[in-house]
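Novice: Sequence first, then the predicted structure, then my questions.
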Amino acid sequence: MKKRKWKQEEVYSYKKEKGQFFYYNKEDSNIFVFRESGLGFSPNWANPWSWVIIICIIIIVVLLSFVKKMI
């Protein structure tokens, strides 16, 4: 089955149906989805690109904190 981008309504119903704290949907090609509260995004942990983006953000933060200590 080919992945497709799910609409927000589908994402909300999937989250309610599964009752998961983290959004993990292999059928959804979205990297990030809106949170139900409307405040921010939540990564789709089944998408490998979301892992890459989160790891890059963590590396940047660690490098910036290391550089700041050296100054």
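Specialist: Looks like it came in fine.
Novice: ok, which stretches of the chain are helices?
Specialist: 8-18, 48-70 (DSSP state H).
Novice: where does the chain dip in pLDDT?
Specialist: Low-confidence segments of the chain (pLDDT under 70): 1-2.
Novice: So for it, the centremost residue is which one?
Specialist: Nearest to the mean C-alpha position of the chain, by CA atoms, centre = their mean, lies residue 43 at 0.8 Å.
Novice: OK, contacts around the nearest residue to that residue once chain neighbours are set aside?
Specialist: Leaving aside its chain neighbours, residue 43 sits nearest to residue 50 (3.9 Å; criterion: CB to CB, 6 or more residues apart in numbering). Where C-beta positions appear, they are placed from N, C-alpha and C, glycine not excepted. Contact partners of residue 50, counting by CB atoms under 8 Å, 6 or more residues apart in numbering, are 31-32, 43-44.
Novice: Could you measure from the closest residue in space to residue 3 that isn't next to it in sequence over to residue 62?
Specialist: Using CB to CB, 6+ apart and skipping the chain neighbours, the partner closest in space to residue 3 is residue 29 (3.9 Å). The gap separating residue 29 from residue 62 is 29 Å, by CB to CB, to the nearest Å.
Novice: Same check on residue 38?
Specialist: For residue 38 relative to residue 62 (CB to CB), the value is 30 Å.
Novice: So between those two, which is more surrounded?
Specialist: Between residue 38 and residue 62, counted using other CB atoms under 10 Å, the more crowded position is residue 62 (10 against 6).
Novice: contacting residues around that one?
Specialist: Contacts for residue 62 (CB under 8 Å, 6+ apart) come out as none.
Novice: just to revisit the earlier point, in CSV: the contacts of residue 50, plus distance to residue 66.
Specialist: Shown next, in CSV, are those (distance: CB to CB, whole Å):
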residue, distance to residue 66
31, 27
32, 27
43, 25
44, 30
